Structures are given as C-alpha cells and as structure tokens.
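Colleague: sequence-free structure coming up:
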Ligand SMILES: Nc1ncnc2c1ncn2[C@@H]1O[C@H](COP(=O)(O)OP(=O)(O)O)[C@@H](O)[C@H]1O
Ligand SMILES: Nc1ccn([C@@H]2O[C@H](COP(=O)(O)O)[C@@H](O)[C@H]2O)c(=O)n1
Ligand SMILES: [Mg+2]
C-alpha cells in the first residue's frame, strides 16, 4: 500500500461517524469514582465477599456449594452463620423447644464480625463447628479457615446486621416457596437431625415462619440478585460464577499494575457486554450498547486528567469551590475501530482535537508502518488514545511509541479501551509504567490466532457494518491487522 493512498484514507476517515448517543444508564453511580491519585482505586487487597441469605431449607448451602464447585480454580471459603449460634445455658437447654433459633439474637454477630475482619486482614481464623443435635458450638473441634480470594457468608439472617451487610461485594437471596422449604425442613430435621415430626412442625409455626416474615423476608430488598428455585437455577448460578470470575481476574491484574484501571462492574455493564459480545446482536444494537459502554470508559478516563481548583459564584450569590477541566487535551484514535470512540470523546469534550494513527502490518516479516495525522502541538497536550480492543499489545505499543517520539510525556497518555486481554495489559503496563490504561473488562486471553477471547469479533466491522460480504468487498484495502488483536 503506497503512502499516498494511506494518507488519503486517513483524510477520508477523519469525519465523525455518527452512531447516535443514548444517555440512559449513565447515572453517576454506574461510574467508579475517578481519582487522580495513581493506583489508589486499584489496591484491592480485600477478598471478594458474597452474602447468601434466604429462608431455612431454601437451598442456600446447595447454591453456595455449586458456586464453590464452579469456582474450582479460586481460593474460596464458606462461612456459615450457623457456626455463630450462641451456646445455650443449662436452663435454655432444658427448655430447648421454647428457644427461638430464628431470631437475630440467637447469633453471636460480634464474633462473626471479628472473624471476617481477621480474614479480611489476611489472618487465619477458627470457625466453630455447630452441632445441631447437641445445640453446642464447641462439641467438635473448630475449623481452621485461611484467608482467601473469595469469602461466602451464608445464613438465614446474614443480611440482618448492617455492619455485616456492608462488608459484602455481592448479595444473593435464595427465594424458594414456603411449602417447598417446609417439606425439605421436615425431611432434613427428621432424617438428618433425628427430630420428632411433631416438634419440627411446632417449631415451624411458633418460630420459623414468624421469623421468616419479620426478619428474613424484609432483608430480600438488600439483595443484588434473587435466585428463584435455588440450586435448580443453573442459569443464575452460571451468571454469578462468571461475574465473580471477571471480578477476580481484574483484581489480580490490578494488584500487579497500579496503572491499570478497570471501571467498576455492575450488572448494567455486564448486560451491555453480554449484548455486544453476542454474535447474534444486530448492528444497530451493537452500536447502541458499544456507545453506552464507550461513553462510560471515556468519562472514567477524563477523571484521570489533572485539574486546577476554581471558584465560581452561583445564582444565589454563594461561592462554589470546584475544579476546572484540563485544557491542553486531545484524542488520538487508532484507525479504524478507534474511530468508534471519537463520538463519545467529542460528546464529553466540546471541540476537542482528534488525531489519527494507522498501523499497517506489511509483508511476512510483520514490519509495521505507521502513518499519522496528529495535532502539531501534541507534545504539550494530554492524550486520550482510543482503541476499543487491547489484544497482544503490539498495535498499542506502536501507537504509544509514536506518541512518545512526538514528544508526548508517557505520563500524559491515557489509553482507553473497552476490553483488554491480560497479554496486552502485561506488555503495555510493563513497557509504559507511567501511562494509564482505562478499560471496562479484562478478557480471559488470546486464542491461537491471537484473537481476544471471549472477545466480540472484529469490532470495526461490527460497528461500521462492514462485516457483511457486499460491504467487505468495498473496504477490502482497508483491512487492518490491529482489529481485535
Ligand atoms: N433443588 C433442590 N431439590 C431438591 N432438594 C434440595 C434442593 N436444594 C436443596 N435441597 C435439599 O433441601 C435441604 C435444604 O437445602 P440446603 O441447601 O441445606 O438449604 P439451606 O442451607 O437454605 O437451609 C437439603 O436436604 C438439600 O439436600
Ligand atoms: N440448634 C438449632 C439451630 C438452628 N436450627 C434451625 O436451623 C435453621 C437455619 O439453618 P439453615 O441451614 O436452614 O439456614 C433455622 O431455621 C433454625 O430454626 C435448629 O433447628 N436447631
Ligand atoms: Mg444451610
């Protein structure tokens, strides 16, 4: 490809691609609070804590076991609220049928909080082994629990105390019909615990059912996810496991690289990713949801720019002390898929200059030629580098090296992308430790063709609608090697 034709192509592609912006779902709570202190939000030494609540015999333990089984490659511990039942006094033991095991006061919540606090601070703890037959928490030796990546807290009233609730990164409520719970309870208490059926039914009507209505059901509102049918709901469990895996993947890379920023995952964000990754999603929906996600990434990236303090007078005559946006700023998109991010940047930064870089892999020796069209004074600006996919990191390294060659300080570059493969993150973060990467999800990796997996295919083709055969013919000379790589 001759340089003239490439330059023509850059010129031709420098117009804005109007994909249409949709503002819904952009509430500030969906954007992790930006910070300008490097690495501050990335220091995730804390374990990922999941709370699982629901009525007795709803299937909480079954759901937790399934999650743990599917997360076999992670260090996970299960902490049962049952382990923190108070020991009964002699009088209470003598009249055990009058004891309410379903009331919040039946649990030693201070001890539970203390154990979790220790685990969070990397200290092993001894968790009592509660015996339902003798009603004692010291009948068996305690279980030694080591600090882990994931802690699952399970129990009927695990959402009751706000201090416990606040520790949780994810809250799940197992929602099973009352008759199913009662039937399971009768079987469990008579068969496993050797109890008399009359006593089980008495306990149910006197304590279990009223406590469910008064204390357990009111905590359902705190749940992020409600699972109907408990362990039978494989779809819900798969989704939860995937979400935890994503969080843990990010967690590890962010621990290693303080210059990597992953926007906080929410189910809204996961939903948008689900749509754009689905090969059956229409072009229109692909553009719509990509735009929403790109806008979140751009907003987050802007939060990393330096600011100066500024005071203004409000219409009430009061002084408001705020900040002034960074003025020396420009965008640089990596042609072609990076151009899909330009609309979002323009929507956030009125009149921003946007340069272009084209990376072309020539011949068999993999030599890359770079053509660029950048603002003259780029060395004096902060640069937001735009490319939706960070794969091997080759294109990114080429693009960043060019910016540095043009005099842009490494620390003035913020690389924005939608998805990043760990391989690309390693290459870029290691080579340019002062640059920042802002991304919305970390991928599993690259396949044998160096394509990102699970990925979303050729982003530029899907976004600009050039993935059907007719259109593809027309743009064949523009096929670039940096798409999705
Ligand atoms: N989906 C299910 N189908 C049939 N039995 C189940 C199912 N889920 C749980 N059980 C049984 O019901 C009882 C209570 O389940 P469990 O998971 O221990 O509930 P919880 O921890 O909420 O009390 C157990 O005996 C378990 O084997
Ligand atoms: N000695 C005890 C202690 C508790 N219970 C009942 O267990 C239920 C909670 O355990 P789950 O596994 O079902 O969450 C709760 O309803 C208590 O009534 C008991 O029967 N005896
Ligand atoms: Mg249980």
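Modeller: Everything's here; your move. No experiment lies behind these values; they were computed from the predicted model shown. Numbering: from 1, shown residues only. Ligands and ions are numbered 1, 2, ... in the order given.
Colleague: Tell me how many other residues surround the residue of the stretch 151-300 of the chain found nearest ligand 1.
Modeller: Closest to ligand 1 within the stretch 151-300 of the chain is residue 184: 3.7 Å, counting by C-beta to the nearest ligand atom. For every residue, glycine as well, the C-beta is placed using N, CA and C. For residue 184, the neighbour count with other C-beta atoms under 10 Å is 17.
Colleague: Contact partners for it?
Modeller: residue 57 (C-beta atoms under 8 Å, 6 or more residues apart in numbering).
Colleague: now the protein, which segments are flagged as low pLDDT?
Modeller: 1-45, 73-74, 250-251, 361-367, 468-485 (pLDDT under 70).
Colleague: Show me the domain layout of it.
Modeller: 48-248, 253-464 (the TED database).
Colleague: What segments of the stretch 251-400 of the chain are helices?
Modeller: 267-277, 283-302, 342-348, 394-405 (DSSP state H, counting those that start in this stretch).
Colleague: Output the ones you listed as TSV; include the columns distance to residue 49.
Modeller: Output for the helices of the stretch 251-400 of the chain, formatted as TSV (distance: least, C-beta to C-beta, whole Å):
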stretch	distance to residue 49
helix 267-277	17
helix 283-302	24
helix 342-348	33
helix 394-405	34
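Colleague: Would you format those helices as CSV with distance to residue 63 and mean neighbour count included?
Modeller: Listed next are the helices of the stretch 251-400 of the chain as CSV, based on distance: least, C-beta to C-beta, whole Å; neighbours: other C-beta atoms under 10 Å:
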stretch, distance to residue 63, mean neighbour count
helix 267-277, 18, 17
helix 283-302, 30, 21
helix 342-348, 39, 20
helix 394-405, 40, 20
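Colleague: hang on, the earlier thing: please work out which of the domains of the chain is packed deepest.
Modeller: Of those, the one with the most neighbours on average (mean count of other C-beta atoms under 10 Å) is domain 253-464, at a mean of 18.
Colleague: hang on, the residue of the stretch 151-300 of the chain closest to ligand 1 in a helix?
Modeller: Yes. Counting by DSSP: H, G, I helix; E, B strand; the rest coil, residue 184 falls inside a helix.
Colleague: Which positions in this protein make contact with ligand 1?
Modeller: 54, 56-62, 184, 188, 230-232 (C-beta under 6 Å from any ligand atom).
Colleague: Got the phi and psi for residue 435?
Modeller: phi -80, psi 160 (degrees, to the nearest 10).
Colleague: Check the one 5 residues further on too.
Modeller: Residue 440 has phi and psi values of phi -110, psi -20 when expressed as degrees, to the nearest 10.
Colleague: Correct me if wrong: it contacts residue 296.
Modeller: Yes. Contact criterion C-beta atoms under 8 Å: residue 440 and residue 296 qualify, at 6.5 Å.
Colleague: any residues in contact with both of the two?
Modeller: 263, 269.
Colleague: what does this protein have sitting close to ligand 2?
Modeller: 56-57, 60-61, 82, 85, 101-102, 132, 135, 155-156, 208.
Colleague: try 5 Å this time
Modeller: 56, 101, 102, 132, 135, 156, 208 (C-beta under 5 Å from any ligand atom).
Colleague: quick one: which of those residues is nearest to residue 266?
Modeller: Using C-beta to C-beta, residue 156 is the member of the residues of the chain next to ligand 2 that sits closest to residue 266, with 27.2 Å.
Colleague: I figured the closest one hits residue 57, correct?
Modeller: No. Taking contacts as C-beta under 8 Å, residue 156 lies outside contact range of residue 57: 9.6 Å.
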